[in-house]
Structure formats: structure tokens, C-alpha cells
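Enquirer: Quick check, what structure comes out for this input:
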Amino acid sequence: MQKKTLLLFGFLLISIAAVAQERLDGSNVLHEFFTGRLSAGGKAGGDAKPPEIVPVAQATSPPPLTSEAGAGELVYTPDGPLSDGRLKEPYGDLSPFGGPNTLDENTDRVDSLTYFSNFDPSVIPYKRVVSQNSVFVDEKGDYVVRRIGNPRPLTQERELPENAQVFWGTFLLQMDSNRMQPIASVAPNQQILDVQTEPAVNAQFFVDDAGNFMVRAQHSGPLRLNMKVAVPSTYFTGEFGPTSWAEIDAFGSEPLDPIIQASAERVLARIGLGRNQAPEDVLVELISYFRNFEGRPFPEDQRGDDLYFSIATQQIGVCRHRSLAFMITALSLGIPTQYVYNEAHAFVEVLWPRIGWRRVDLGGAANELNAASTQDKTVHSPPDSLPRPERFVQDQERMVSNGLKPEGPGQNSGEGNPTGAQGGTNGGANSTTSNASTEPEEDRRIVPALVLLSVEPEVHRGKGLEVRGRLSARGEGLEGRRVSVHLAPPGTQSGSRATILGEFVTGPGGLIQGSIEVPANQPVGRWSLFLVFSGDETYAPSFAE
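Expert: As a prediction, this is how the structure comes out:
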């Protein structure tokens, strides 16, 4: 059972990078990002061999350079993707050149959406298709967000920035000669390291003030664009460290409309937050508050005259509602914030002193998230160190219980788990993977959800590793069950390569919490950490629910 379970849970959940780096206290810390140089051709340090220690997100080779569409791939035009039977239009155009987005009253969860991957490692469900950075009230009194800022040209970089994570993106574009074509991105401050096109054309790249990326070429018709990008690791895991309101104000955010500002101040008063508190404390509390929303039908008797105020104070809505409401509230405090979305999910980005732009997921995705075009991709899965209130965790468990349904040859290797990408849910909960012949078809045991709530991103050999998680089934925590903790090389598919650190017995509410020692002789390198519940007479192994 142990080996079989490891086969199911073999893909990365929380990536822990590790090298022997001496600290002042004499201990060896098991974490360091590769900081060597990378030429435009993709070789480290010119002709030097690449180092063994690589970034947490490592794009090892470019995608195929073909002008034919891959399995499950969308074709993009300057006006957004071409119609696809699986593509359900979100609330808003899938092009930054489209119209603004309006805060709406459809606050209940949707059953199913499909996410189309463009990057390796896959950033599911956080691909950036449209980013908007301004909010206003229109003539009807609706809250509206839009993109402002003109595109400016980008140049290709020749060096890999320090502490960067590397991704290959691939896009099949229907080009209109010399017309700007939007392309998806990983981060607003990503840098382009390498570019390949088929047919071979001279591609020019642009980015606007909201971090939307575009390409232009003297070419009409299909174009395959492969591009290698570097993203600062702080975009995924940067800590909102101590700062001052003066440093926040130095970013120069535009003041809000007085009507919006007044409404946002009423929301902040309800929450109990303001600029009389430390900026970092206010931001973390805001994240916790907006992550604790609930997707359910909007109560008409609570509508009021101000939809933003009603949604924010009642904590109602799915990803776009909590993201739009968060953006309004943060901007009222002077904290630069952007609203970002794709065909399946919406989230925000916050600009913070000393870390730059930082992605913040507030939850609220669809009940079921299908993954297309995930074949041969790994999953980028940074740890989530932000507050995780109960409703946020329940949202993740709900997605796990309904299962991810990848399409194409990569469906059994764990690619594209949306909750794994959030860094907080056991990536083994892939319902398609569970269809493998690991359990007899007549097995009718209940399959619980195993959630990894938090883990330290840095690990010291011979030291304790703090782990926190939860085992539950049908909304109830499972107490008194044994859950083992494993380390394995990233992407491993064999249980024989895993190290069992030990096990926990779940406490009240199914909680897993405590410290477990990493062996002093554990080889240095990057490691994946995961939890395994092997099952019992009532409950099956926790690779799905």
C-alpha cells in the first residue's frame, strides 16, 4: 500500500530547494536559488555546464516549434482566443484590449470551468491573460475596473536575474501583420530570456503599465511563439515585511474617486482596519478577510445601493468578487493592486516595498477545474505562507473532492492540479489519476481530502520541520488517523526514491500539526514534501475525495 500510494502522490506539492549553504550558526540550510548566468541561447555561463542545483521552477527544454495546434490548445487572436467548445467566457473579455469589468451580483459558485495551460512548469490556475489596474464608478453607479497605460517596448535579457524562476511559454497565435497581439504571462515583471518562432519572424515585445504583454511582427496568419521567461521568486513567495505608509505612498498610486474612497473607508471601519496600523498588519488582515468569503447566491434583501459595500461586508462572492472588492479596498489605503484573470480564475497582485509585485490568490474558483493542454508539463507549486481561514481551506477541499480532469497524454502524471498550484492541497487528489488500477472497482470506501496547510520553505538537516495539515471527509475532520510525511525528488514517480520522515496521528478536527526531524544525512538538493494517508476499512487512500 505504501509504494502504491507513493506512485499516486509522486508529483510535487511543496517544492523545497536544498543546497549545502553554511549559515552563521554553523547549520546547513537546505535552500538556495540558482543565480548563475544564462545566455539567450539557454546555456549557463556560456559553455560551462549548468549547475546541479536549479530554481524551484525549472524549464528544462523548449516546447515543440510547430505551427499546428497541440491537444487541447487554444488559438489566440488580438481580440482573444478563437471559439472553443470547452471555453466558457468569463465575466470580461479575454484580451486586455477589450472592455472593462463590472462588479456583478452573480456571486454563486459555478460548477465547472476549463483552464488552458501555456507554460511549463504549469502555473495553473494563475496564468495572466488580462490585468487591470484602475477602478471607477460609471454613470449607472456600477463599480468598474479597467486597464490604463500604454504599451512600451521590451528587450530580450541576456542574463538570468538573481533568485529567478524559469518558465517556457508556448502560444499559437493568429497574427495580423503589425497589429499588437496580446499573450499570456506568468508575472507583470517577467523578463524574456529566449524567443523562438515558426515561421521565423522578427518579433517585437511590449508591456503596459498593468503588466499585460503583447507581441508584434510583420506576419499574417498562424505563428508559433515559444518564449523563455524569468520571474522573480518574490512574486510567488515574497513576505510582506515591515514597511511604512510613506514607503507605500512613494509608489505614487492615483487617488480614488471620492465616492469609492468613502465607501471603502466604511468597509475598512467595519473590518477594523486603517492607516493608524502598520501597513504589513493591515495587508495580512485584509488577505485573511477576503479569503474568508463564501460563494453563494446574493441575498436580494441585502442588496442596498452600494454593491461593493454589500459584497465586502457580507463576504459573499467567487474569485472575481473577492478580487475586485479587495482591489478597491487596498487602493483606498494607497496600496497598489491589480485585478488579474484568465478563462477560469481571477486573483490580485500587490506591489510591496523590497519585493515588488506579489501574487495573492483569494480563492473562490469553480467547484471543478478541468485542465487542457497539460501534457508533458510539470506543476509550479510554491508554498502559501499567507493566512488560510476555514472557508478558504474548504474551497480547496471542494475542488479536490470534485476532482481535476486533465486532458491529453499528461493526465496521469499530476500536471495541472489547481490546488497543488496554490501550494496548500495534497496534489494526489487528482480524480483522473485515481482511475488507474490501484484499487478494485468495487471499492466503495470514502476517500477523504488531505490538505497541507503550511510547511516551512527552508529546511535544515538534523532540524525540526514544522508541518500543519488536515484530514477530512464530507466536511468533518478525521481524528485518530495516521498520516505519514515523505520527502522525494521533485517529479518522482517511484516510492523507492522517497524518504519517510515519520508520521502524525490526526487530532481534533482532523488537524495535523507538529515538528518532524529531517535526517542529518539527508542529501542536499531540491525536495518535494507530501503527506500520505494509506487508508483503513472505512476510508480509502487520500488521493481524491
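Enquirer: ok, residue 512 - how many residues close by?
Expert: As a burial measure, residue 512 scores 23 neighbours (other Cβ atoms under 10 Å). C-beta here means a position set from N, CA and C on the backbone, and glycine is covered the same way.
Enquirer: any idea how far the closest residue to residue 243 other than its chain neighbours is from residue 169?
Expert: Distances taken as Cβ to Cβ, 6 or more residues apart in numbering place residue 353 nearest to residue 243, at 4.6 Å, with adjacent residues excluded. For residue 353, the distance to residue 169 equals 29 Å [Cβ to Cβ, to the nearest Å].
Enquirer: And those two? Which one has more around it.
Expert: Under the criterion of other Cβ under 10 Å, the comparison of residue 353 against residue 169 puts residue 169 first, with 25 against 17.
Enquirer: So what sits opposite the more buried one in the bridge?
Expert: For residue 169, the beta-bridge partners under DSSP bridges are residue 119, residue 227.
Enquirer: My guess is it contacts residue 183. True?
Expert: Yes. Here residue 169 reaches residue 183: they are 7.5 Å apart, a contact under Cβ atoms under 8 Å.
Enquirer: For these two, list the residues in contact with both.
Expert: Taking Cβ atoms under 8 Å, 6 or more residues apart in numbering as the criterion, residue 169 and residue 183 both touch residue 225.
Enquirer: residues contacting the residue nearest to residue 243?
Expert: Residue 353 is in contact with 241, 243, 247, 248, counting by Cβ under 8 Å, 6+ apart.
Enquirer: cool, residue 179 as well?
Expert: Contacts for residue 179 (Cβ under 8 Å, 6+ apart) come out as 78, 216.
Enquirer: Now with 6 Å, please.
Expert: Applying Cβ atoms under 6 Å, 6 or more residues apart in numbering to residue 179 gives the contacts residue 78.
Enquirer: Assumed it was part of a strand.
Expert: No. Secondary structure of residue 179 (DSSP: H, G, I helix; E, B strand; the rest coil): coil, not part of a strand.
Enquirer: Tell me the spacing between it and residue 95.
Expert: Note on residue 179: its distance to residue 95, by Cβ to Cβ, is 12 Å.
Enquirer: cool, and residue 189?
Expert: Here the distance between residue 189 and residue 95 works out to 21 Å (Cβ to Cβ).
Enquirer: if I look at the residue lying closest to residue 305 once chain neighbours are set aside, how far off is residue 102?
Expert: Among residues not flanking residue 305 along the chain, residue 141 sits closest, at 7.7 Å (Cβ to Cβ, 6+ apart). For residue 141, the distance to residue 102 equals 11 Å [Cβ to Cβ].
Enquirer: the more surrounded of the two?
Expert: residue 102 (16 against 10).
Enquirer: does residue 322 really touch residue 293, like I thought?
Expert: Yes. Between residue 322 and residue 293 there is a contact under Cβ atoms under 6 Å: 4.5 Å.
Enquirer: Name the residues that touch stretch 202-212?
Expert: 96, 131, 133, 147, 149, 151, 153-154, 188, 195, 197, 213-217, 338.
Enquirer: how about the helices of the stretch 401-545 of the chain, start to end?
Expert: Remark: helices assigned in the stretch 401-545 of the chain by DSSP state H, counting those that start in this stretch are 418-421.
Enquirer: Any stretches of it with poor pLDDT?
Expert: Along the stretch 401-545 of the chain, the parts satisfying pLDDT under 70 run over 401-443, 453-458, 474-475, 488-498, 523-528, 543-545.
Enquirer: Looking at the strand or helix carrying residue 248 now, give me its mean pLDDT.
Expert: Using DSSP states H and E, residue 248 sits in helix 245-249. Averaging pLDDT along helix 245-249 gives 97.
Enquirer: re earlier: where does the residue nearest to residue 305 fall, secondary structure wise?
Expert: Under the assignment here (DSSP H and E), residue 141 is part of no helix and no strand.
Enquirer: before we move on, what about the one 3 residues further on?
Expert: Using DSSP H and E, residue 144 falls within strand 143-146.
Enquirer: what's the following helix or strand after that strand?
Expert: Next along from strand 143-146, by DSSP H and E: strand 152-154.
Enquirer: Which elements pack onto that following strand?
Expert: Helices and strands touching strand 152-154, by 3 or more Cβ pairs under 6 Å, 6 or more residues apart in numbering; DSSP states H and E, are strand 204-207.
Enquirer: buried set for the strand it packs on?
Expert: 205, 206, 207 (16 or more other Cβ atoms under 10 Å).
Enquirer: which one among those residues gets closest to residue 221?
Expert: Of all the buried residues of strand 204-207, the one sitting nearest residue 221 is residue 205; the distance, using Cβ to Cβ, is 19.5 Å.
Enquirer: any idea how far that closest one is from residue 463?
Expert: Separation of residue 205 from residue 463 (Cβ to Cβ): 44 Å.
Enquirer: ok, now residue 248?
Expert: 36 Å.
Enquirer: Pull out the buried positions in stretch 219-227.
Expert: 219, 222, 223, 224, 225, 226, 227.
Enquirer: Pull the most distant pair out of the residues you listed.
Expert: For these, the maximum inter-member distance is 16.5 Å, found between 222 and 227 (Cβ to Cβ).
Enquirer: just checking, residue 311 touches residue 320?
Expert: No. Using Cβ under 6 Å, residue 311 makes no contact with residue 320, being 10.5 Å away.
Enquirer: Look at those two and report which has more neighbours.
Expert: Taking other Cβ under 10 Å, residue 311 and residue 320 do not tie; residue 311 has more neighbours (27 against 24).
Enquirer: in the helix or strand containing the more buried one, what's buried?
Expert: According to DSSP H and E, residue 311 maps onto helix 307-314. Buried residues in helix 307-314, counted by 16+ other Cβ under 10 Å: 307, 308, 309, 310, 311, 312, 313, 314.
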